[in-house]
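Engineer: Next comes the sequence, and after it the predicted model I'd like to discuss.
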Amino acid sequence: MKGIFIIILLALMLSNASFAQTCDYRVEIMADGEEFKKEDFKWRMMATKIDGKSTNITGTAEIKSDGKTIKSYKPWTSASISRQKTSSEYSPNLKPGEYEIKAMIEVECDDSDMENNKDTKKITIEGEKEETTASKSKSEDIEAENKDTANNEINKQAETKQATPNPMQKAAKPIQDEDITIQSTNKNPKNQAIPLATANAVKNTENIYISSSEKAKSLIMVFLLALSILLNIVLIWKR
């Protein structure tokens, strides 16, 4: 009987000891609102004991934007807490945009409610949101591509213009000799012009005249030679 009583007593003592280690702590993000100007945003995190005895606590926090961690914090590492603990005030100087703050705590006791060991808060920093590096790079690539396309179009238009004959040039007729006029070289105040065809006709007439004169001279020489021969024959015959 004594053995059974001792076992029951030990079980009760162990049960009380385990119950004594049970606790409940929560974390809370402290910020005055959800929308802030860039220079006005400040925040803290606070851990509070709801039930149980004092213990040690470790706290961490992070600020995220588009799933990426922008800032990280660790205000406590195995720090003792009896009732409440508040971090320093943070001024992260964030760029305009939307952010999410996450805070978490871990305690060295059997926390009966793990749901309140985490807290999340969404905030907005007012102002025009700046483009990310990827967006800027994409915009620059599109702009460069559009510029290349425009240059190619200009080059094609220039090549087409060079390849297409000028209608004025195509319509222009070759200049004929008869269309050219020769200005007289005399000191005539009227500066009359003689058509090239007329000049050619004058030259041809002169050539014909020169040729006729030369032929007449040749005929006269032949006639005189023949006459001389006949005279010689007559003289010889009379003798």
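Structural biologist: Thanks, I have the structure now. Keep in mind it's a predicted model, so treat the numbers as computed, not measured. Residues are numbered from 1 along each chain as shown.
Engineer: mind giving me the domain split of this structure?
Structural biologist: Domain assignment for the chain, taken from automatic domain parsing, gives 20-125, 192-239.
Engineer: now, of these, which is deepest in the fold?
Structural biologist: Of all the domains of the chain, domain 20-125 has the most neighbours on average by mean count of other C-beta atoms under 10 Å, namely a mean of 15. To be clear about C-beta, it is placed using only N, CA and C from the backbone, and glycine gets the same treatment.
Engineer: just checking, residue 87 touches residue 76?
Structural biologist: Yes: applying C-beta atoms under 8 Å, one finds residue 87 in contact with residue 76, separated by 7.5 Å.
Engineer: Which neighbours do the two have in common?
Structural biologist: residue 59 (C-beta atoms under 8 Å, 6 or more residues apart in numbering).
Engineer: hmm, back to that, mind giving me CSV with the domains of the chain and columns for mean pLDDT and distance to residue 8?
Structural biologist: Supplementary listing: the domains of the chain in CSV, determined by pLDDT from 0 to 100; distance: least, C-beta to C-beta, whole Å:
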stretch, mean pLDDT, distance to residue 8
domain 20-125, 96, 19
domain 192-239, 70, 145
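Engineer: Just put those in CSV and tack on distance to residue 144.
Structural biologist: Rendered in CSV, the data for those read as follows (distance: least, C-beta to C-beta, whole Å):
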stretch, distance to residue 144
domain 20-125, 26
domain 192-239, 61
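Engineer: so where do the helices sit in the chain?
Structural biologist: In the chain, the segments counted as helices under DSSP state H are 2-20, 133-163, 167-171, 196-238.
Engineer: Can you check the distance spanned by stretch 52-70, start to finish?
Structural biologist: From the first residue to the last, stretch 52-70 extends over 35 Å; the measure is C-alpha to C-alpha, to the nearest Å.
Engineer: ok, now how distant is residue 113 from residue 104?
Structural biologist: Between residue 113 and residue 104 the distance, using C-beta to C-beta, to the nearest Å, works out to 14 Å.
Engineer: What of residue 75?
Structural biologist: For residue 75, the distance to residue 104 (C-beta to C-beta) stands at 11 Å.
Engineer: Please apply the same query to residue 140.
Structural biologist: Going from residue 140 to residue 104 by C-beta to C-beta gives 40 Å.
Engineer: can you check residue 214 too?
Structural biologist: Using C-beta to C-beta, one gets 129 Å for the distance from residue 214 to residue 104.
Engineer: go on, residue 28?
Structural biologist: Look at residue 28 and residue 104: by C-beta to C-beta, they are 12 Å apart.
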